[in-house]
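*Asks:* coordinates for the following, if possible.
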Amino acid sequence: MINSAYNYYLTNYVGKETSRYDTHKKSELRDVYNRMVKINKNSSLYKISESEEVKKYAIDLKEVARSITNIASELSENENLDSGFSKKKAISSDDDVISAKYIGNNDNEVNSGLKIKIQSIATNQVNTGHYLKQDAVGLKSGAYAFDFSIGEYTYEFQFNVKPNEVNRDIQDKLARLINRSNIGVEAEVVENSEGKSALSIQSEATGEINYKGTIFTISSNENSKSGNAVAHLGLDNIEKMPQNAKFTINGMERSSSSNTFTIAKQYMVNLKAASGDKEVYVGLKPDFDAILDNVNELIEKYNDMVDLAKDRVGRGYEAETLYRDIKGISSYYKDSLDSAGFKVGEDSKILVDEALFTQSANEGTLKDSLDKLGAFKKALLNKASNISLNPMAYVDKKLISYRNPVYNFNNVYMTSIYSGMMFNGYI
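*Replies:* Numbering: from 1, shown residues only. Alright, predicted model coming up:
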């Protein structure tokens, strides 16, 4: 049962985007443990179905609760709800030339924006060997070796050539050998219009890294007993030298060996193309746009939980518990949410009325709207926290025995093996 649950979790959720709220202090983990123990003290013993459907539902429920907890926690970080919803986001006036991300602290003072003009972006080094007849025999059989220097390290590559092995076979062999080494370059065999082939090697890094201006060098090795493979294949032929990115920020000339770098500890920018004489503006999104983005993100996570809960309707009393709980929360706050521009439908899903939301911003009542959403958010955060502790409370199960009223064992995994498993995965 656990193996299949792990497989489903690893396939669908591991590797997805994580939040800084997925990491915890020891005190926070201890609090989670103590809450699980408290639940188990009052828990009866149940038998839960081992069906694949139940396993997947428990994990899906756990993950959507985690998503809600993360976004709600982020929005609750500041005591001022308006500030909590208005996290800063960087914008670029031309995303095809520069993309930007704000990495500063929301509480820090930020500059008024940057004007960036890109003369050239950083490029990598490309070595392209001699174009040789593919079916011709160029190297005699025997042992060959060459040195590959990149950064502070020098690697020795050795390979053998079989009798009558043609140029294309050797080029393909070296391309595989270099790619498997994972030393920061990529190799491939290319062809020209005449049908001849050559080995092309390009660096993953960009810019002028050392005083020579190159990122890597290839030279023959003394262990190459059968001849100079570097000279025959032209592995040391540099087709394109690496270059630094050259640009100006607010009129001041700058350069960088990489196209991705930080500016003033506030912006992470990625240069994509030269801008010519045009200046690209990098700054922060207007506050309202950022607020609306964060509001939509919270509502989207809530609606995901509603969809998951609705899918269990008609499958038993306990399976419908989650939908009843969610419907109870949305019904309780319906009037205040509707008046703030968050329309609660009959199915309990919420639609953001952006026109009404914009109107409240123009009329100066945006904080009132966010306060109403904030009360709903707190109730939703509490529900998501409870789901994370025991998602199996929302699946049908058979009662085996009631708890012992005199003495109980504090088995933290009794309530839900899924809770223990998933929390271990977060540590």
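
*Asks:* could you use CA atoms for every contact and neighbour count after this?
*Replies:* Fine.

*Asks:* who's in contact with V166?
*Replies:* By C-alpha atoms under 8 Å, 6 or more residues apart in numbering, V166 lies in contact with Q134, D135, A136, V137, G138, L139.

*Asks:* cool, G314 as well?
*Replies:* By C-alpha under 8 Å, 6+ apart, the neighbours of G314 are E320.

*Asks:* so where do the strands sit in the stretch 151-300 of the chain?
*Replies:* Ranges of strands in the stretch 151-300 of the chain, per DSSP state E, counting those that start in this stretch, are 153-161, 185-191, 197-203, 216-220, 238-240, 245-249, 252-256, 260-263, 267-271, 280-284.

*Asks:* returning to what we had before: drop anything exposed from the contacts of V166.
*Replies:* By neighbour count, with 16 or more other C-alpha atoms under 10 Å, the contacts of V166 hold Q134, V137, G138, L139 as buried.

*Asks:* those residues into CSV, with extra columns for secondary structure?
*Replies:* Below are the buried ones among the contacts of V166 laid out as CSV (DSSP: H, G, I helix; E, B strand; the rest coil):
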residue, secondary structure
Q134, coil
V137, coil
G138, coil
L139, coil
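
*Asks:* nearest to K88, of those?
*Replies:* Q134 (56.5 Å; C-alpha to C-alpha).

*Asks:* who touches that closest one in this structure?
*Replies:* Contact analysis of Q134 by C-alpha under 8 Å, 6+ apart lists V166, N167, R168, G195, K196, S197.

*Asks:* wait, which of these is closest to N221?
*Replies:* Lowest distance from N221 to the contacts of Q134 (C-alpha to C-alpha) belongs to N167, with 19.9 Å.

*Asks:* quick one, phi psi at the nearest residue to that closest one once chain neighbours are set aside?
*Replies:* Nearest residue to N167, sequence neighbours excluded (C-alpha to C-alpha, 6 or more residues apart in numbering): Q134, at 5.3 Å. Here is the backbone geometry of Q134 (degrees, to the nearest 10): phi -60, psi -40.

*Asks:* what about Q134, distance to G374?
*Replies:* 69 Å (C-alpha to C-alpha, to the nearest Å).

*Asks:* the protein - how does it break down into domains?
*Replies:* Per the record, the chain has its domains at 2-85+288-426, 90-122+244-284, 126-240, by automatic domain parsing.

*Asks:* could you dump those domains to CSV with mean pLDDT?
*Replies:* Output for the domains of the chain, formatted as CSV (pLDDT from 0 to 100):
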stretch, mean pLDDT
domain 2-85+288-426, 73
domain 90-122+244-284, 88
domain 126-240, 92
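
*Asks:* SS state for T69?
*Replies:* T69 falls in the helix class when you classify it by three-state DSSP.

*Asks:* the nearest residue to N179 once chain neighbours are set aside: neighbour count?
*Replies:* Using C-alpha to C-alpha, 6+ apart and skipping residues adjacent in sequence, the residue nearest N179 is E186, 5.7 Å away. By the criterion of other C-alpha atoms under 10 Å, E186 has 18 neighbours.

*Asks:* A strand includes R403, no?
*Replies:* No - counting by three-state DSSP, R403 falls outside a strand, being coil.

*Asks:* now do the same contact list for it.
*Replies:* K41, N42, S43, S44, L45.

*Asks:* what distance do you get for the second one to M36?
*Replies:* The reference is to N42. 10 Å.

*Asks:* which residue of the two possesses the greater neighbour count?
*Replies:* Higher neighbour count among N42 and M36: M36, with 23 against 15, using other C-alpha under 10 Å.

*Asks:* quick one: buried residues of stretch 388-401?
*Replies:* Buried positions in stretch 388-401, judged by neighbour count with 16+ other C-alpha under 10 Å: S388, L389, N390, P391, M392, A393, Y394, V395, D396, K397.

*Asks:* next: stretch 308-325.
*Replies:* Those would be L308, A309, K310, R312, V313, E318, A319, E320, T321, L322, Y323, R324, for stretch 308-325 by 16+ other C-alpha under 10 Å.

*Asks:* need the max-distance pair from the residues you listed.
*Replies:* L308 and E318, at 14.2 Å, using C-alpha to C-alpha across the buried residues of stretch 308-325.

*Asks:* quick revisit: just flag the most distant two among the contacts of Q134.
*Replies:* V166 and G195 (14.4 Å).

*Asks:* still on that earlier bit, need the buried ones among the contacts of V166 in a markdown table (columns: distance to T69).
*Replies:* Below are the buried ones among the contacts of V166 laid out as a markdown table (distance: C-alpha to C-alpha, whole Å):
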| residue | distance to T69 |
| --- | --- |
| Q134 | 60 |
| V137 | 65 |
| G138 | 64 |
| L139 | 64 |
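
*Asks:* of all those residues, which comes closest to I116?
*Replies:* Nearest member of these to I116, counting by C-alpha to C-alpha, is Q134, at 47.2 Å.

*Asks:* how close does that closest one get to L174?
*Replies:* Distance of Q134 to L174, given as C-alpha to C-alpha: 14 Å.

*Asks:* going along the chain, name the helices of this protein.
*Replies:* 2-12, 26-41, 52-75, 81-85, 167-181, 229-233, 287-310, 321-332, 334-340, 354-362, 366-389, 417-426 (DSSP state H).

*Asks:* closest to K101 out of these?
*Replies:* Nearest of those (C-alpha to C-alpha): helix 287-310, 13.0 Å.

*Asks:* for I209, which non-adjacent residue is closest in space?
*Replies:* Spatial nearest neighbour of I209, chain neighbours left out: I215 (6.0 Å); criterion: C-alpha to C-alpha, 6+ apart.

*Asks:* please apply the same query to L61.
*Replies:* L61 sits nearest to P391 (C-alpha to C-alpha, 6+ apart), 6.7 Å away.

*Asks:* same question, I178
*Replies:* With sequence-adjacent residues excluded and distances taken as C-alpha to C-alpha, 6+ apart, I178 is closest to A187, at 6.5 Å.

*Asks:* tell me which residues touch that neighbour, please.
*Replies:* A187 neighbours (C-alpha under 8 Å, 6+ apart): A175, R176, I178, N179, L199, S200, I201, Q202.

*Asks:* endpoint to endpoint, stretch 243-262 covers what distance?
*Replies:* End-to-end distance (C-alpha to C-alpha), stretch 243-262: 19 Å.

*Asks:* any idea which of the contacts of A187 is closest to T154?
*Replies:* Closest to T154, out of all of those and judged by C-alpha to C-alpha, is I178, at 13.2 Å.
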